[in-house]
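Novice: Here you go, sequence then predicted model.
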Amino acid sequence: MARICDRAPSAPVRATREPPPGGTGGSAAGSGAQAGGPQLRPKARRGAIGSPDDAMDAFWFVLAEGVVASLVGGALHGRSYSERDEGLHEDGADGGVRVTQAPRLVALATAVPPHVLRQDDVRAVAAEMFAGTVSADPRLLQVFEHAQIETRNACVPLEWFSVGHDFGQSNALYVENAVHLAVVATQKALAKARLEPADVDHIVFVSSTGLATPSVDALVANALGLRSDVRRTPMWGLGCAGGAAGLAHARDFALAEPSARVLLIALELCTLTFQLRDLSRRNLVAASLFGDGAAAAIVVGRDAEVRVAGGRRQLALIASRSTLWPDTQDVMGWTVDGAGLHVVFSRDIPTIVHERVRPSLLAFLEANGLALEDVRHLAAHPGGVRVLNAYASALDLAPAVFRHARDVLREHGNMSSPSCLFVLERFLEAGEIGAGDNALVAALGPGFSAEYVLLRGEPS
């Protein structure tokens, strides 16, 4: 069974070898307790995760996967990267490997809007709004307790949700608040990296909960005073996988241009997609789950000069993989009408997650010369309690491995694309990722797809 340890010494990573065709890798036995931090022991592997027994549980599981989907499929890499193929490492005298050219994550910051929604208050409002739906099945309101969420942040007060709004009104609020929140998160990340706005060479902007042309990244560039020759890559439609996918793309750009300083912004205002006149169970569950937030990261190439504030740990971005599973495009998405965006999903998601996530992740790690027990830290997208439980079951991991993810979920709900970066920030702020430690960012999204990014702690 695999084990993920906190701040445990890292064994040398051997040279990469290509996986056999169709190979999925395999798990290796975990090592014994090590010094340097608490041991997180894996939980005994349970049986297969099937679809929930009744409709309500099925709806809850699906939305707890953290799916804020879209009509547009993700801009997926469709490949994995081998360190050996990219020349990102060299053999040491002991036969191990050390990173020499990998792009680095040098700063990560987050921001949330000012309105705090307490779960008990939202539940009371929802009980009135969904009175007809709840009267048919009173158990439905239990989703607010099952979510294990205490607070969420929103760009509008709770009273806003009791009045109908068309798509134009909601989207205008999206643009206004998205620019402000992106600027706040970016300023915090630049300060951590000791960079000025003019130092940014490329901006990657990820969001799926609103529309803007010019895109939000252009508006942010003007607000911050970025250079007129800054490169911009707006990405829409990746849903909950967007934060991990955006980090992978930022890495690609820094790898292609070693002197580049890349700004990644992942931002979602999920609460603005609430539909007052949609009395469906899925809309009720969405009301119990989603929140607003933004994350900004600074990724630099090997030749970029940075002076990180406070001796913060930098992370080498070793590899990434996008997986788009065939014939699953109808599993989730948006439907769009005059009221805005309506989430759509399939009851097949639990089965897909159980059958495909573990093999795809193990194949990715094997392609980079690793097994699951070599990964010390897992920053998984906290789509909901059940998605974290599903990860734990599928990967044979103890629930304690997901403590930061559970904390983010409890305090902020599911914020879609930036959520996994909120989790990674918790690891960094706690100083838990040591030099040489392998860490993994993982998220699922529309398509149906998975995004993985492999990171490693750099020496101080």
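Specialist: Alright, I've got the coordinates.
Novice: after the longest helix that the chain contains comes which helix or strand?
Specialist: Secondary structure of the chain per DSSP state H: the longest helix is helix 167-193. The C-terminal neighbour of helix 167-193 among helices and strands, as given by DSSP states H and E, is strand 202-207.
Novice: and the angle for that next one with helix 167-193?
Specialist: Taking axes from the mean of the first three to the mean of the last three Cα atoms, to 10 degrees, one finds that strand 202-207 is oriented at 140 degrees with respect to helix 167-193.
Novice: buried stuff in the helix or strand following strand 202-207?
Specialist: Using DSSP H and E, the helix or strand that follows strand 202-207 in sequence is helix 216-224. Neighbour counts over helix 216-224 (16 or more other Cβ atoms under 10 Å) mark 216, 217, 218, 219, 220, 221, 224 as buried. Any C-beta I mention is one placed from the backbone N, CA and C, and that applies to glycine too.
Novice: outside of helix 216-224, which residues touch it?
Specialist: Applying Cβ atoms under 8 Å, 6 or more residues apart in numbering, the contact partners of helix 216-224 are 175, 178-179, 182-183, 186-187, 197, 203-205, 207, 210, 212, 226, 230, 232-234, 265, 267.
Novice: And the next helix or strand past it?
Specialist: Toward the C-terminus, helix 216-224 is succeeded by strand 231-236 as the next helix or strand (DSSP H and E).
Novice: what's the spacing between the next helix or strand after that next one and its chain's center?
Specialist: The element immediately downstream of strand 231-236 (helix or strand, assigned by DSSP H and E) is helix 242-256. The chain centre lies 13 Å from the centre of helix 242-256; the measure is Cα atoms, centre = their mean, to the nearest Å.
Novice: which helices and strands does whichever helix or strand comes after helix 242-256 pack with?
Specialist: With elements assigned by DSSP H and E, the helix or strand that comes after helix 242-256 is strand 261-269. Taking 3 or more Cβ pairs under 8 Å, 6 or more residues apart in numbering; DSSP states H and E as contact, the helices and strands that strand 261-269 lies on are helix 167-193, strand 202-207, helix 216-224, helix 242-256, strand 292-300.
Novice: Need the ones you listed in TSV (columns: distance to residue 360 and mean pLDDT).
Specialist: Converted to TSV, the helices and strands packed on strand 261-269 look like this (distance: least, Cβ to Cβ, whole Å; pLDDT from 0 to 100):
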stretch	distance to residue 360	mean pLDDT
helix 167-193	30	97
strand 202-207	21	98
helix 216-224	30	98
helix 242-256	13	97
strand 292-300	24	98
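Novice: of all those, which lies closest to residue 330?
Specialist: Comparing the helices and strands packed on strand 261-269 against residue 330 with Cβ to Cβ, the closest turns out to be helix 242-256 (19.9 Å).
Novice: Specify the angle between that closest one and strand 261-269 in degrees.
Specialist: Taking the same axes, to 10 degrees, helix 242-256 and strand 261-269 form an angle of 170 degrees between their directions.
Novice: Going by neighbour count, which residues in helix 242-256 are buried?
Specialist: Residues of helix 242-256 classed as buried: 242-255 (neighbour count, 16+ other Cβ under 10 Å).
Novice: residue boundaries of the helices in this protein?
Specialist: 55-64, 83-86, 119-129, 131-136, 143-146, 167-193, 216-224, 242-256, 281-287, 349-367, 385-394, 403-412, 419-429.
Novice: which of those helices sits most buried?
Specialist: Highest mean neighbour count among the helices of the chain (mean count of other Cβ atoms under 10 Å): helix 242-256, with a mean of 26.
Novice: What helices and strands are in contact with that helix?
Specialist: In terms of contacts (3+ Cβ pairs under 8 Å, 6+ apart), helix 242-256 is packed against strand 202-207, strand 231-236, strand 261-269, strand 292-300, strand 315-324, helix 419-429, strand 438-445, strand 449-457.
Novice: Could you dump those into CSV and include distance to residue 381?
Specialist: Converted to CSV, the helices and strands packed on helix 242-256 look like this (distance: least, Cβ to Cβ, whole Å):
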stretch, distance to residue 381
strand 202-207, 13
strand 231-236, 16
strand 261-269, 11
strand 292-300, 12
strand 315-324, 14
helix 419-429, 4
strand 438-445, 4
strand 449-457, 9
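Novice: out of those, nearest to residue 111?
Specialist: Closest approach to residue 111 among the helices and strands packed on helix 242-256 (Cβ to Cβ): strand 292-300, 5.0 Å.
Novice: Where does pLDDT dip in the stretch 351-460 of the chain?
Specialist: Applying pLDDT under 70 to the stretch 351-460 of the chain flags no residue at all.
Novice: repeat for the stretch 201-350 of the chain
Specialist: Scanning the stretch 201-350 of the chain for pLDDT under 70 picks out the ranges 347-350.
Novice: Recalculate using a threshold of 50.
Specialist: Along the stretch 201-350 of the chain, segments meeting pLDDT under 50 are nowhere present.
Novice: Specify the beta-bridge partners of residue 337.
Specialist: Beta bridges link residue 337 to residue 340, judged by DSSP bridges.
Novice: what's the neighbour count on it?
Specialist: Per other Cβ atoms under 10 Å, the neighbour tally for residue 337 reads 10.
Novice: now swap in the one 4 residues further on and tell me
Specialist: When neighbours are defined as other Cβ under 10 Å, residue 341 has 26 of them.
Novice: Ok, the one 5 residues further on next?
Specialist: Each residue near residue 346 was counted by other Cβ under 10 Å, and the total is 16.
Novice: Then residue 296?
Specialist: Around residue 296 there are 29 residues (other Cβ under 10 Å).
Novice: ok, it touching residue 262?
Specialist: No - using Cβ atoms under 8 Å, residue 296 is not in contact with residue 262; the gap is 11.1 Å.
Novice: How is the chain divided into domains?
Specialist: 55-98+313-457, 109-309 (automatic domain parsing).
Novice: Check the separation of the first and last residues in the longest one.
Specialist: From its first residue to its last, domain 109-309 covers 13 Å (Cα to Cα, to the nearest Å).
Novice: As a markdown table, the helices and strands packed on strand 261-269 with distance to residue 422 would be great.
Specialist: A markdown table is the format used below for the helices and strands packed on strand 261-269 (distance: least, Cβ to Cβ, whole Å):
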| stretch | distance to residue 422 |
| --- | --- |
| helix 167-193 | 11 |
| strand 202-207 | 14 |
| helix 216-224 | 19 |
| helix 242-256 | 9 |
| strand 292-300 | 6 |
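Novice: Out of those, which gets nearest to residue 323?
Specialist: Among these, helix 242-256 comes nearest to residue 323, with 11.1 Å by Cβ to Cβ.
Novice: Using CSV, list the CA coordinates for that closest one.
Specialist: Presented in CSV, the C-alpha positions along helix 242-256 are these (Å, rounded to 0.1, in the frame of the first residue of the first chain):
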residue,chain,number,x,y,z
GLY,A,242,-8.3,24.6,-14.5
GLY,A,243,-5.9,25.4,-11.6
ALA,A,244,-3.7,22.3,-12.2
ALA,A,245,-3.9,22.7,-16.0
GLY,A,246,-3.0,26.3,-15.8
LEU,A,247,0.0,25.5,-13.7
ALA,A,248,1.1,22.9,-16.3
HIS,A,249,0.8,25.4,-19.1
ALA,A,250,2.7,28.0,-17.1
ARG,A,251,5.4,25.4,-16.7
ASP,A,252,5.4,24.7,-20.5
PHE,A,253,5.9,28.4,-21.3
ALA,A,254,8.7,28.8,-18.8
LEU,A,255,10.3,25.6,-20.1
ALA,A,256,10.2,27.0,-23.7
